[in-house]
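1. need coordinates for the below:
(chains A and B)
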Amino acid sequence: MPGILETTLLLSVPLLLAAAGELVLERSGSLQIGMEGTMLTGAFVAFAIVHAGKSPGAGLWGAVAAGLLSGALFALFAIVLRADPILTGTAWNLLAAGSTAFGYELIAGKTGAVLELPSLPVVVMGLPWAGLAAFAFPVILHIFFSRTRPGLVLGAAGETPMAVRAQGYSVAGVRSLASLFSGALSGAGGAVLTLSISHTFVEGLTAGRGFLALGIVVFARWRPLALLPATLLVAGATALQYRLQAGGSTQIPYAVFIALPSLLSLAALAVATSRRGAPKALGTPAP
Amino acid sequence: MRRTSLALLFLFLASVPGLGGCRPAETPASDSRFRAGLLTPGPVSDAGWNAGAYEGLKAIEKELGAEVSHVQVKSPSEFEEQFRAYAAKGTDVCFGHGFEFQDAAARVAKEYPNTVFITTSGSRTAKNLAPIVFELEEATYLCGLAAGRMSKSAKAGMVSGVELPSIKSTFLAFEAGLRAGNPGARAVSVFTGSFEDVAGAKTATLALADQGCDFIFQNADAAALGVFRAAAERGIYTFGANKDQNALSPAILASAVIDMPRAFVEAARSVKEKKFTGAPIRYGLKSGVITFVWNPAVAGKVPAPVLDEIKQVEGRIARGELKVPRGDF
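-> Residues are numbered from 1 along each chain as shown, chains lettered A, B, ... in the order given. You can find the predicted model right below:
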């Protein structure tokens, strides 16, 4: 089947970026369920910048900056001010959905016009360099968490925050940095979705990919290296289900195909051997 | 306490109109003016199905001097709530844009006899409830016929978000047209689960192209942009649906068009002039509300016999000599 590998790799990129960012944040003990909103914001900002005549590269960096801002916003509310992270994430998703729709209306007019955007330059296998970076992150993060001091401190903030505090570090500070990183990656994921896959923006463009990335982190059992197979399985199953539908030889209802990525993830989770659980202090306020 | 109230403050900010997820219906200013409301299932920036409805609403505002309001709704629970909100504000006519609105409209219509509810597609009727049935199938049949005559692989694809009866029906007619053009041709449908997932619709179209499809019909609202893009990348043809989308891409061979402003204004006028009877309002090729429009950008690439045949079949459908199959809904 020609093209299925390239399709899988390309569809993996936004998921992988968002999931890698979220994994770091969750390993630090915080939890942001608003990645859908951050991706959507990144997708919109990339669109707005490129539509204004700037290069796709500028669009990508703009989306990263927007992601950093949303990471800072989340850190301020949920980490520093200790608002409920689930409520904060939910509110962020609503705010992002509404404000990107409003922003799009300002740019494209009420009933919209289709605006084809230039793509990020392709480096290899249909992937832009941001796509290649996405595949490097799990490896980098694996080394970060297992071999570096900041990585160990960050991981400890999510397991035994009191110990981190006793060492003289600010747990809220560590988690805020993780939130910035997470926001930046989610924003970049949104930019890739706009600039390399969709080539346009519509309201709700992310179509649940932020939540899918949230699931991938759990599916990978919070292990960076496991993000790769987990994401490739989900994206591969997505690419495959379109092909199965397009094959058109069966009488299976299409809903079964659409559910295929989730079904496969659940099945893989059921037979997974890793007993690693969630970070022990996940979702608790910083001491 | 502080944690929850902070988050609630944030949630409140998110609900501010213009910033938050949904825009509430505007409060009417005067009492005597004719009022029209519209519920769309997706963003009106889709350059298709929903954009057409919004243009219809604006036409009602302009031509009937009505006070108009639009709201985008996501889930069936919101359908009923919003219908009720409009009716309670004294809206004279309330449009639910799509087949999926008819159950909610039927329930609310019983409670508010002074508001007329119109769903675009559907079959439920009452004294103050009727569907506008767009017989878009008559135009999508012609799309299929063109694809059948011109396809080299004798394979066509169809892409949409969710298999709604109204969408299935346009696919059915496309397929019938395809077979009329080439009895050996085959059509395959792919659904992505979302009318906003541009990336999904694009991936679906690429998958169809890889299977050898060289014509893709779509009825996917905003996600159609992904279909157009993929078709352009692969050098295959696609079709516009619901609105004249020809200008959006040179990959679009023709569009199956609904003149929604005209249909919306006619329906609203009948309500305003108290002529609304609750009978389904049907529009086909004959009425001129439904049209089949070749894309001028690719006009030179369509063989003359195909152009002639389409014109002739179009006439036969309009005169009622040829019955185009449509779904039973």
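
2. quick one, strands of the chain?
-> Using chain A. A:122-124, A:127-128 (DSSP state E).

3. not what I meant, chain B
-> Using DSSP E, strands in chain B cover B:35-40, B:67-72, B:93-96, B:116-120, B:129-134, B:155-160, B:186-191, B:215-219, B:237-242, B:252-258, B:281-283, B:290-294.

4. quick one: closest of those to A:Tyr254.
-> With Cβ to Cβ as the criterion, A:Tyr254 lies closest to strand B:186-191 of those, at 4.3 Å. No exception for glycine: its C-beta is placed from N, CA and C like everyone else's.

5. got the contact list for the closest one?
-> A:242, A:245-248, A:254, A:258, B:144, B:154-163, B:171, B:174-175, B:178, B:204-205, B:207-208, B:211, B:213, B:217 (Cβ atoms under 8 Å, 6 or more residues apart in numbering or on different chains).

6. buried subset of those, written for ChimeraX?
-> Provided next is the ChimeraX selection string for whichever of these are buried by 16 or more other Cβ atoms under 10 Å in any protein chain shown:
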select /A:242,245,246,248,254,258 /B:144,154,155,156,157,158,159,160,161,162,171,174,175,178,204,205,207,208,211,213,217
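
7. where does the stretch 101-250 of chain B come near chain A, residue by residue?
-> B:157, B:163, B:186, B:188-194, B:196-200, B:202-204, B:206-208, B:210-211, B:213, B:222-223, B:225-226, B:228-229, B:248-249 (Cβ under 8 Å from any Cβ of the partner chain).

8. from those residues, keep the buried residues only.
-> The buried subset of these - by 16+ other Cβ under 10 Å - is B:157, B:186, B:188-194, B:196-200, B:202-204, B:206-208, B:210-211, B:213, B:222-223, B:225-226, B:228-229, B:248-249.

9. the nearest residue to A:Leu10 once chain neighbours are set aside: how many residues sit nearby?
-> Among residues not flanking A:Leu10 along the chain, A:Gly126 sits closest, at 5.5 Å (Cβ to Cβ, 6 or more residues apart in numbering or on different chains). For A:Gly126, the neighbour count with other Cβ atoms under 10 Å in any protein chain shown is 15.

10. repeat that for B:Gly278.
-> 13.

11. of all the strands of chain B, which lies closest to A:Val139?
-> strand B:186-191 (34.8 Å).

12. the closest one to strand B:155-160, inter-axis angle?
-> 20 degrees (axes from the mean of the first three to the mean of the last three Cα atoms, to 10 degrees).

13. which parts of chain A are helices?
-> In order along the chain, chain A carries the following helices (DSSP state H): A:4-27, A:35-51, A:56-74, A:85-108, A:129-147, A:149-159, A:161-166, A:171-192, A:209-219, A:227-247, A:254-271.

14. ok, A:Ala52 - how many residues close by?
-> As a measure of burial, A:Ala52 has 11 neighbours, counting by other Cβ under 10 Å.

15. can you tell me how far it sits from A:Ser70?
-> 20 Å (Cβ to Cβ, to the nearest Å).

16. next: B:Asp214.
-> 43 Å.

17. okay, the two: which has more neighbours?
-> Comparing B:Asp214 with A:Ser70 by other Cβ under 10 Å, the one with more neighbours is A:Ser70, at 29 against 20.

18. which residue, other than its chain neighbours, is closest to the residue in the stretch 1-150 of chain B positioned nearest to chain A?
-> Closest residue of the stretch 1-150 of chain B to chain A, Cβ to the nearest Cβ: B:Ser45 (2.9 Å). Excluding the flanking residues, the one nearest B:Ser45 by Cβ to Cβ, 6+ apart is A:Gly112, at 2.9 Å.

19. name all residues that make contact with that neighbour.
-> Here A:Gly112 is in contact with A:104-105, A:202, B:43-47, B:51 (Cβ under 8 Å, 6+ apart).

20. ranking these by neighbours, who comes first?
-> A:Val202 (31 neighbours).

21. that one contacts B:Ala223, doesn't it?
-> Yes: counting by Cβ atoms under 8 Å, A:Val202 touches B:Ala223, with 7.4 Å between them.

22. what sits in contact with each of the two?
-> In contact with both A:Val202 and B:Ala223: B:196, B:198, using Cβ under 8 Å, 6+ apart.

23. and stretch B:298-316, average pLDDT?
-> Stretch B:298-316 carries an average pLDDT of 94.

24. for that stretch, buried residues please.
-> In stretch B:298-316, counting by 16+ other Cβ under 10 Å, buried: B:298, B:302, B:306, B:309-310, B:313-314.

25. which one of those is nearest to A:Thr194?
-> B:Val298 (27.4 Å).

26. which residues does that closest one contact?
-> B:Val298 neighbours (Cβ under 8 Å, 6+ apart): B:237, B:250, B:252-253.

27. confidence-wise, which of the residues you listed comes last?
-> Among those, pLDDT bottoms out at B:Pro250, giving 93.

28. so what's that one closest to, chain neighbours aside?
-> B:Ala297 is the one closest to B:Pro250 (Cβ to Cβ, 6+ apart), at 4.9 Å.

29. how much space between the one you found and B:Gln218?
-> 18 Å.

30. do the same with B:Glu309
-> In terms of Cβ to Cβ, B:Glu309 sits 23 Å off from B:Gln218.

31. wait, what's in contact with residue 150?
-> Answering for chain A, as no chain was given. By Cβ under 8 Å, 6+ apart, the neighbours of A:Pro150 are A:Phe144.

32. I was thinking of chain B, sorry if that wasn't clear
-> B:181, B:215, B:237, B:253, B:302-303, B:306.

33. so which of these is the closest to A:Thr41?
-> B:Tyr237 (35.3 Å).

34. quick one, what contacts the closest residue to the closest one other than its chain neighbours?
-> For B:Tyr237, ignoring the flanking residues on the chain, the nearest one in space by Cβ to Cβ, 6+ apart is B:Leu253 at 4.3 Å. Contacts here follow Cβ under 8 Å, 6+ apart; on that basis B:Leu253 touches B:143, B:146-147, B:150, B:215, B:237-239, B:294-295, B:298, B:302.

35. same question for A:Val123.
-> Applying Cβ under 8 Å, 6+ apart, the residues near A:Val123 are A:129, A:131-132.

36. ranking by neighbours, what's the top pick from the residues you listed?
-> A:Gly131 (24 neighbours).

37. chain neighbours aside, what residue packs nearest to it?
-> A:Val13 (4.4 Å).

38. pull the contacting residues for the one you found.
-> A:127, A:130-131, A:134, A:189, A:192, A:196.

39. returning to what we had before: just the closest of the buried residues of stretch B:298-316 to chain A, please.
-> When the buried residues of stretch B:298-316 are compared against chain A (criterion: Cβ to the nearest Cβ), the nearest one is B:Val298, at 16.9 Å.

40. tell me which residues in stretch A:188-195 are buried?
-> In stretch A:188-195, counting by 16+ other Cβ under 10 Å, buried: A:188-195.

41. B:Leu285: neighbour count?
-> Neighbour tally, B:Leu285, other Cβ under 10 Å: 25.

42. swap that for B:Pro296, sorry
-> By the criterion of other Cβ under 10 Å, B:Pro296 has 9 neighbours.

43. in space, what's closest to it - neighbours in sequence excluded?
-> Nearest non-adjacent residue to B:Pro296 (Cβ to Cβ, 6+ apart): B:Asn246, at 6.9 Å.

44. tell me the contacts of A:Thr100?
-> A:40-41, A:43-44, A:201, A:203.

45. closest one to chain B out of those, please.
-> For the contacts of A:Thr100, the nearest to chain B is A:Glu203 (3.8 Å; Cβ to the nearest Cβ).

46. so what's the closest one up against?
-> Counting by Cβ under 8 Å, 6+ apart, A:Glu203 touches A:97, A:100-101, A:104, B:42-43, B:45, B:196, B:222.

47. is it possible to get a markdown table of the helices of chain A that adds distance to B:Ala59?
-> Shown next, in a markdown table, are the helices of chain A (distance: least, Cβ to Cβ, whole Å):
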| stretch | distance to B:Ala59 |
| --- | --- |
| helix A:4-27 | 39 |
| helix A:35-51 | 28 |
| helix A:56-74 | 36 |
| helix A:85-108 | 19 |
| helix A:129-147 | 44 |
| helix A:149-159 | 57 |
| helix A:161-166 | 60 |
| helix A:171-192 | 35 |
| helix A:209-219 | 36 |
| helix A:227-247 | 38 |
| helix A:254-271 | 36 |
